[in-house]
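A.B. asks: Just the structure for this:
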Amino acid sequence: MNAVATTELSNKALTARFGRVVQRDPLWVRAGLICIALVYLFVLVFLPLVLVFVAAMAKGVAAYWSAIVDPAALDAIKLTLFISFASVSLNLIFGLAAAWSITKFHFRGKGLLITLIDLPFSVSPVVSGLIFVLLFGAQGWFGPWLYAHDIKIVFAWPAILLATTFVTSPFVARELIPLMQAQGCDEEQAAITLGASGWQIFRHVTFPNIRWALVYALILCNARAMGEFGAVSVVSGHIRGQTNTIPLHVEELYNEYSSAAAFSVASLLALFAFATLGIKILVESHTARNTRIDNTFRSLE
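C.D. replies: Modelled structure (predicted):
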């Protein structure tokens with residue numbers, strides 16, 4: 001059976017069910033839209049990434065490796081990995097707690113809580129960094145007390161962690177809230193009637209239903225944490241070897257006209273992004289496969 005006959009049979013089936021034939025867009029419309037998407041991705045995504053690696057290798061492999069293993073670059077890598085891990089861990093706790101409270105309980109101020117969760121999306125990262133400077137800087141609200149007790153937050157890693165956690169805080173909660181709202185509370189209520197505790201309900205009922213969405217949210221959160229520049233730039237102080245993350249180290253090298261070294265370190269950040277993207281694709285494929293299996297079992301029932 002050729003493609004034309006298959007299409008006619010499909011249209012007849014759709015006509016019998018819905019009373020009309022579903023019209024396909026003309027070929028030129030589909031081809032034009034596909035070309036626009038491909039050109040857009042080529043110009044804004046693929047070409048810049050290729051140029052980053054080309055510029056990184058401009059002075060050879062030896063210069064590339066030397067820029068990567070430079071002590072300042074290694075310190076920036078270590079700090080970036082530490083801040084990413086810590087901020088993702090904090091957002092995991094906050095996101096789960098926020099999603100659970102919003103979807104499982106009714107209380108006053110729920111709308112305000114949802115608005116506050118979305119706030120980092122609407123506030124510029126630079127502004128968020130300035131907020132932490134006003135709070136914990138030498139002339140800030142808590143600055144004199146922190147100075148008196150020899151506690152350093154601004155221009156040290158705690159401020160970087162606070163700023164990164166702030167800008168990435170909505171990812172986990174915003175990924176889980178719609179899913180948990182769609183799932184409802186029927187399974188949890190059934191577990192309560194059977195005498196399950198709160199931890200048992202979360203472990204055996206709630207978590208299996210949200211685990212892949214949670215992994216996806218953590219991947220997005222980690223990607224944003226590694227690449228954060230604006231808020232971190234304000235609170236870090238740009239101290240080489242101490243408070244420079246990878247994006248800040250790249251900027252510093254570029255400002256010093258060490259463009260090859262800057263692109264070398266930037267390519268490392270791109271490799272981290274590719275690794276994150278690969279994990280994201282694996283999670284999405286696994287989620288899609290589980291969805292197909294669940295739909296198959298439901299159709300058999």
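
A.B. asks: Helix, strand, or coil at Ala42?
C.D. replies: Small correction: residue 42 is Phe, not Ala. Put simply, Phe42 is helix when judged by DSSP: H, G, I helix; E, B strand; the rest coil.

A.B. asks: any idea how far it is from Thr245?
C.D. replies: 29 Å (C-beta to C-beta, to the nearest Å). Heads up, the C-betas are built off the backbone N, CA and C, glycines and all.

A.B. asks: between these two, which one's more packed in?
C.D. replies: Neighbour totals were compared for Phe42 and Thr245, and Thr245 leads with 30 against 12 (other C-beta atoms under 10 Å).

A.B. asks: The more buried one touches Ile83, doesn't it?
C.D. replies: Yes. Thr245 is within contact range of Ile83, at 6.6 Å (criterion: C-beta atoms under 8 Å).

A.B. asks: shared neighbours of those two, anything?
C.D. replies: Ile160 (C-beta atoms under 8 Å, 6 or more residues apart in numbering).

A.B. asks: lowest-confidence helix or strand of this protein?
C.D. replies: Every helix and strand of the chain was ranked by mean pLDDT, DSSP states H and E. The lowest is helix 3-18, at a mean of 49.

A.B. asks: what kind of secondary structure is the spatially most central residue of the chain in?
C.D. replies: In the chain, the residue lying closest to the centroid (C-alpha atoms, centre = their mean) is Leu220, at 1.8 Å. Put simply, Leu220 is helix when judged by three-state DSSP.

A.B. asks: Likewise for Trp141?
C.D. replies: coil.

A.B. asks: What about it, how many residues nearby?
C.D. replies: Each residue near Trp141 was counted by other C-beta under 10 Å, and the total is 11.

A.B. asks: Sketch out the low-pLDDT regions of the stretch 1-150 of the chain for me.
C.D. replies: Residue ranges of the stretch 1-150 of the chain with pLDDT under 70: 1-23.

A.B. asks: ok, Ser89 to Thr168 distance?
C.D. replies: Per C-beta to C-beta, Ser89 is found 11 Å from Thr168.

A.B. asks: Between those two, which is the more surrounded one?
C.D. replies: Remark: of Ser89 and Thr168, Thr168 carries more neighbours, 25 against 13, as counted by other C-beta under 10 Å.

A.B. asks: dump the residue contacts of the more buried one.
C.D. replies: 87-88, 91, 120, 221, 224-225, 228.

A.B. asks: Look at it and report its pLDDT.
C.D. replies: As predicted, Thr168 sits at a pLDDT of 93.

A.B. asks: returning to that earlier point: distance of the residue nearest to the centre of the chain from Leu179?
C.D. replies: Distance, Leu220 to Leu179, using C-beta to C-beta: 14 Å.

A.B. asks: and if you look at Ile117?
C.D. replies: For Ile117, the distance to Leu179 - C-beta to C-beta - is 15 Å.

A.B. asks: For those two, indicate the residue with more neighbours.
C.D. replies: For Ile117 versus Leu179, the count of surrounding residues by other C-beta under 10 Å is larger for Ile117: 20 against 16.

A.B. asks: Can you pull the poorly scored residue ranges out of the stretch 151-300 of the chain?
C.D. replies: Using pLDDT under 70, the flagged stretches of the stretch 151-300 of the chain are 287, 290-300.

A.B. asks: could you pull out the helices for it?
C.D. replies: Under the criterion DSSP state H, counting those that start in this stretch, helices of the stretch 151-300 of the chain are mapped to 157-168, 170-183, 186-193, 198-201, 207-227, 230-236, 246-255, 259-300.

A.B. asks: Nearest to His106, out of these?
C.D. replies: helix 170-183 (12.6 Å; C-beta to C-beta).

A.B. asks: for the closest one, packing partners?
C.D. replies: helix 71-104, helix 110-122, helix 207-227 (3 or more C-beta pairs under 8 Å, 6 or more residues apart in numbering; DSSP states H and E).

A.B. asks: With respect to Ala260, which of the ones you listed lies nearest?
C.D. replies: Using C-beta to C-beta, the nearest of the helices and strands packed on helix 170-183 to Ala260 is helix 71-104, at 12.7 Å.
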